[in-house]
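K.L.:
For reference, the sequence and a predicted model appear below.
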Amino acid sequence: MPDFAPTHVETGEAAVTSPCVSICTVDRGLGLCMGCLRTLQEIGQWRTMTDDDKRACVARCDERAKTMPRRGRDGLPLPETAV
């Protein structure tokens, strides 16, 4: 389930958005979610991470995505989306 983080009122800065794409299936061999490419630990800690930790997590997911495409529940690569 995607995490919907509120906007930070005190700074006006938008909170870091979860990389979840609602394809919540873990590849046990890799230990990664097939949709967002987060580890189970990263998924579990998301709600308690600082914004800096979340940005670092998203950066790791982006690095993982360079070497392995995100896949759907059927194991097939997801279509490329515009960022």
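P.N.:
Now that the structure is in, tell me what you want to look at. Numbers count the residues shown, from 1 in each chain.

K.L.:
Going by C-alpha atoms from here, please, whenever you check contacts or count neighbours.
P.N.:
Will do.

K.L.:
just the strands in this structure please.
P.N.:
Under the criterion DSSP state E, strands of the chain are mapped to 26-27, 32-33.

K.L.:
Please identify which of the ones you listed is closest to Asp74.
P.N.:
Closest approach to Asp74 among these (Cα to Cα): strand 26-27, 11.3 Å.

K.L.:
Rounded mean pLDDT for that closest one, please.
P.N.:
Averaging pLDDT along strand 26-27 gives 89.

K.L.:
rewinding a little: dump the strands of the chain to CSV, plus mean neighbour count and distance to Arg64.
P.N.:
Converted to CSV, those look like this (neighbours: other Cα atoms under 10 Å; distance: least, Cα to Cα, whole Å):
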stretch, mean neighbour count, distance to Arg64
strand 26-27, 17, 14
strand 32-33, 22, 10
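
K.L.:
Could you dump those into TSV and include distance to Thr39?
P.N.:
Listed next are the strands of the chain as TSV, based on distance: least, Cα to Cα, whole Å:
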stretch	distance to Thr39
strand 26-27	8
strand 32-33	5
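
K.L.:
Nearest approach to Met68 belongs to which of those?
P.N.:
strand 32-33 (10.9 Å).

K.L.:
which residues sit against the closest one?
P.N.:
23-27, 38-40 (Cα atoms under 8 Å, 6 or more residues apart in numbering).

K.L.:
ok, and the most crowded of the residues you listed?
P.N.:
Counting neighbours by other Cα atoms under 10 Å, Arg38 comes out on top of the contacts of strand 32-33 with 23 neighbours.

K.L.:
measure the nearest residue to that one once chain neighbours are set aside to Glu80 for me?
P.N.:
In space, and not counting its chain neighbours, Arg38 is closest to Leu32: 5.4 Å by Cα to Cα, 6 or more residues apart in numbering. Note on Leu32: its distance to Glu80, by Cα to Cα, to the nearest Å, is 19 Å.
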